[in-house]
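[1] Next one to model:
(2 chains)
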Amino acid sequence: MEAAALAPSLKNIAPQQEYLLQGSILDTHRDVLLHRLRGLCDNAERNFEAFSDYEAVYVLRNSSTAQQSQNQHVTFRVRHALDHSDAPDHIRYLGQAELGDRSRHTLVRACLDVACSSNVRDFLTEMGFRIDHDYVVKGHFFHKGRMKVTVYKIFRLIQPNKTDPHNLEPLGQSHLVELSVVAPLGQEQIGEDMKNFAEQLKPLVLLEKFDHRKIQ
Amino acid sequence: MQPPQTNEEKQLDLALDDLIQRVRELKQGVSSFIYKLENDYQNISWPNMMEHFGVLSSGLSSIKRLLKTEKMPLLRNYVLFPILLSPDRDPHLEKLTEGRVSAFNHEVVPDYLRTKPEPEVEEKVQMLSSKAASITPEVAQKQLTMLNKITSNILDIINASSDDWDKDSASLRNALPPTTSQQETAMLIAAVTKGVRLRRQDSQGQMSPAPQMGSMPTQQHQQQPLPQKPQMPGSGIGRVPSAVKTNIKAAVTSHPYQRP
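    Numbers count the residues shown, from 1 in each chain, chains lettered A, B, ... in the order given. Below is the predicted model of the structure:
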């Protein structure tokens, strides 16, 4: 539905899809996974690349139309790096993840990711977007070819708008593990590659296409 | 006298041709198998290998059967003796033997025309058979039972340790601590994609964007806690206990218009 609302504007941009597999690893076993990933991925000789981001999710609800359409809202995610304060912010739109049939190995969702200036928050607020929730993610990322692997921990902010370490509360006892590729639609080979890669991480992590409808 | 003679010769020729044909086939099988072993050994599976052996041994036994059939003249009644040995290369022979034997000379003839084992081997066999004959039946019986006993003992030991080993590896597999948890995965994905457990409690009441349809937020809210429910008792990991959840629920029922 969101995609439908955005469709006209999307036509002008090359449609990018994110192919996604997700899983999690308990904190105590994270290092094992990191080492394995380091061996499997490119740049094995380099040290782990860490990231630490603050992400705020903004929502614009469409209050004027249709009684029936209960999910009529647009979500944008704004992210900026806590460890590189001079880096630009990122605004990202993610579509509804499609499960597809059994022949498809990954989730697929529309994905638009654009770098932007830091006043994007004010801009969104002026447009009527409201912050829905925010969090901090800290972790590591790897890449192998065009596949990207992230292993990260999600933190809740105890006090709003403060991202210093004392104000962060870890969520759960696991790191989220995501394997993703952003590419134009219709490249079935990617799913195959990703599945093969995910196989190599078993049984440490089970990377699966997780049905997002289950958590609505 | 002449006709039976030719008949016999004809039979011999036929039989020899047949035999040569079979041997050639067997040779081809062996050489292709060797080729596979040397060049394609990565792709040979155990069953595949056994199959090859099976084919070869059936070829061998069919040749043996052929030699014993009625039609096959008694080959041992024919004598082959070398008339001329020459140290020179013989191209015809070389072609016949596919390059293995290049000259019919004094070096190779004793090996190729040998009908009995080498004298040393013959001696050894003689010695062993005389030794076997010298043992009395009682002693033999005794040794036999002894051997059986030892064999069965060893078999027992092997079986026991293989059982142990299986059990070990199985328990090792079970003992591997879980490195991942489905509940945690679901919880984290819910947080990242839908903001479940990341939204502020206080912001839910007050900061809601003003005008909304009544039915919609309520529905969303009721849906959210639902999937969590079954997880709670099982997982018990890293969760703020159910108090939070009931709070949400209570809030939902009392304020149907809050933000989702």
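
[2] use CA for all of it now, contacts and neighbours both
    Noted.

[3] Show me the helices in chain B, by range?
    B:2-39, B:46-68, B:91-96, B:109-112, B:119-134, B:137-175, B:182-194, B:201-206, B:215-223, B:225-228, B:231-235, B:243-254 (DSSP state H).

[4] Would you reformat those helices as a markdown table and include mean neighbour count?
    Formatted as a markdown table, the helices of chain B follow (neighbours: other C-alpha atoms under 10 Å in any protein chain shown):
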| stretch | mean neighbour count |
| --- | --- |
| helix B:2-39 | 13 |
| helix B:46-68 | 13 |
| helix B:91-96 | 13 |
| helix B:109-112 | 11 |
| helix B:119-134 | 11 |
| helix B:137-175 | 12 |
| helix B:182-194 | 21 |
| helix B:201-206 | 13 |
| helix B:215-223 | 16 |
| helix B:225-228 | 16 |
| helix B:231-235 | 13 |
| helix B:243-254 | 14 |
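
[5] how about those, which one is nearest A:Gly145?
    helix B:182-194 (24.8 Å; C-alpha to C-alpha).

[6] Does chain A have contacts with that closest one?
    Yes: if you take C-alpha under 8 Å from any C-alpha of the partner chain as the test, helix B:182-194 does meet chain A, through B:Gln182, B:Glu184, B:Thr185, B:Ala186, B:Met187, B:Leu188, B:Ile189, B:Ala190, B:Thr193, B:Lys194.

[7] circling back to that earlier point, could you dump the helices of chain B to JSON lines with distance to A:Leu33?
    Below are the helices of chain B laid out as JSON lines (distance: least, C-alpha to C-alpha, whole Å):
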{"stretch": "helix B:2-39", "distance to A:Leu33": "38"}
{"stretch": "helix B:46-68", "distance to A:Leu33": "34"}
{"stretch": "helix B:91-96", "distance to A:Leu33": "64"}
{"stretch": "helix B:109-112", "distance to A:Leu33": "65"}
{"stretch": "helix B:119-134", "distance to A:Leu33": "63"}
{"stretch": "helix B:137-175", "distance to A:Leu33": "18"}
{"stretch": "helix B:182-194", "distance to A:Leu33": "15"}
{"stretch": "helix B:201-206", "distance to A:Leu33": "34"}
{"stretch": "helix B:215-223", "distance to A:Leu33": "34"}
{"stretch": "helix B:225-228", "distance to A:Leu33": "27"}
{"stretch": "helix B:231-235", "distance to A:Leu33": "22"}
{"stretch": "helix B:243-254", "distance to A:Leu33": "32"}
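
[8] nearest to A:Lys144, of those?
    Closest among these, using C-alpha to C-alpha: helix B:182-194, at 22.9 Å.

[9] Would you mind pulling up the elements that that closest one packs against?
    Applying 3 or more C-alpha pairs under 8 Å, 6 or more residues apart in numbering or on different chains; DSSP states H and E, one finds that helix B:182-194 contacts strand A:16-26, strand A:174-184.

[10] and A:Asn62, how many residues sit next to it?
    15 (other C-alpha atoms under 10 Å in any protein chain shown).

[11] Could you check how far it is from A:Ile190?
    35 Å (C-alpha to C-alpha, to the nearest Å).

[12] what does B:Thr6 give?
    76 Å.

[13] Equivalent analysis for A:Val120, please.
    33 Å.

[14] Among these two, which residue is more densely surrounded?
    A:Ile190 (19 against 14).

[15] give me phi/psi at the more buried one?
    Per-residue torsions, A:Ile190: phi -60, psi -50 (degrees, to the nearest 10).

[16] got the contact list for it?
    A:Tyr19, A:Val181 (C-alpha atoms under 8 Å, 6 or more residues apart in numbering or on different chains).

[17] quick one: it from A:Tyr19, how far?
    For A:Ile190, the distance to A:Tyr19 - C-alpha to C-alpha - is 8 Å.

[18] For B:Lys167, see how far away B:Ile157 is.
    In terms of C-alpha to C-alpha, B:Ile157 sits 15 Å off from B:Lys167.

[19] Show me the one of the helices of chain B that comes nearest A:Ala97.
    Of the helices of chain B, nearest to A:Ala97 by C-alpha to C-alpha is helix B:182-194, at 9.7 Å.

[20] can you list the residues of chain A near chain B?
    A:22-26, A:28-29, A:63, A:67, A:70, A:130, A:132-135, A:154, A:156, A:171-174, A:176, A:203-206, A:212, A:214-216.

[21] Quick one, grab the pLDDT at the most centrally placed residue in chain B.
    Among the residues of chain B, the one closest to the centroid is B:Trp46, at 4.0 Å (C-alpha atoms, centre = their mean). Looking at B:Trp46, its pLDDT reads 84.

[22] returning to that earlier point: so which of the residues of chain A next to chain B are in strands?
    A:22-26, A:130, A:132-135, A:154, A:156, A:174, A:176 (DSSP state E).
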